[in-house]
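Asker: Please work out how this folds:
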Amino acid sequence: MILMPICAFVLPTLIPWYFWSENLMTSWYLCLFRYAWSLHSTWLVNSAAHIWGMKPYDKYMSPTENKLVSALAIGEGWHNYHHVFPWDYKAGELGFHGYNITAGTIDVFARIGWAWDLKTVSTDMIRRRAARTGDGSKSYEDVVQSIVHTDDSQDMLWGWGDEDMDKEQMRRVREFNKLRDD
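Answerer: Numbering: from 1, shown residues only. As a prediction, this is how the structure comes out:
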């Protein structure tokens, strides 16, 4: 209970004041602004990203892809992808680190051995799902022609190893920095 106030308020206020001779009140108010900004950006994920945006992976779910929310929440606005593929550590198709700092941080930790068994969705699985249940906002026309259409309820997975996840889907998943063989 003591660590949060120290890390969120005390240190961000005192460090600029002590090391850079910032006015203490300016430092305090900038700290409050930063905290309020991060809270509102986080809350946008579960509000705006459920209302406005595209649904390229599953048009039957309420979460959307929202670029503004992703920019404000540092990569966490790819909500439709996250709900369709909840076991993907990147939480978004765009894993490049300019728009997804969270994935970049996890990648750094994987390189130094602090994160392992990272699972991500193959490009083929993304394209097949977008073609089958997406709203058409992703242009995968070349894939649409080769897809065998199936019942939409077959791909409603809630996590890695879900009883509805078949061996073919598990085979198409890409794993990084594997710690152990399953």
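
Asker: quick one, phi psi at residue 78?
Answerer: phi -90, psi 70 (degrees, to the nearest 10).

Asker: How many neighbouring residues does the closest residue to it other than its chain neighbours have?
Answerer: Once flanking residues are discounted, residue 78 sits nearest to residue 92: 3.2 Å by CB to CB, 6 or more residues apart in numbering. Yep, even glycine has a C-beta here, placed from its N, CA and C like the rest. The number of residues packed near residue 92 is 22, by other CB atoms under 10 Å.

Asker: from what I can see residue 102 touches residue 77, true?
Answerer: No. With contact defined as CB atoms under 8 Å, residue 102 does not reach residue 77; the gap is 11.2 Å.

Asker: which of the two has more neighbours?
Answerer: A count of neighbours by other CB under 10 Å puts residue 77 above the other of residue 102 and residue 77, at 29 against 17.

Asker: Name all residues that make contact with the more buried one.
Answerer: Counting by CB atoms under 8 Å, 6 or more residues apart in numbering, residue 77 makes contact with 44-45, 49, 53, 65-71.

Asker: Just the buried residues of those.
Answerer: Buried members of the contacts of residue 77, counted by 16 or more other CB atoms under 10 Å: 44-45, 49, 53, 65-66, 69-70.

Asker: Helix or strand with the lowest mean pLDDT in the chain?
Answerer: Across the helices and strands of the chain, mean pLDDT, DSSP states H and E gives its lowest value to helix 141-144, namely a mean of 41.

Asker: which one's the longest helix in this protein?
Answerer: helix 24-45 (DSSP state H).

Asker: From residue 8, how far out is residue 105?
Answerer: Distance, residue 105 to residue 8, using CB to CB, to the nearest Å: 18 Å.

Asker: Pull the number of nearby residues for the residue nearest to residue 55 when sequence neighbours are not counted.
Answerer: Distances taken as CB to CB, 6+ apart place residue 135 nearest to residue 55, at 4.4 Å, with adjacent residues excluded. Residues within reach of residue 135, counting by other CB under 10 Å, total 16.

Asker: heads up, I number from 785, so please use that
Answerer: OK, 785 is where the count begins now, so the last one is residue 919.
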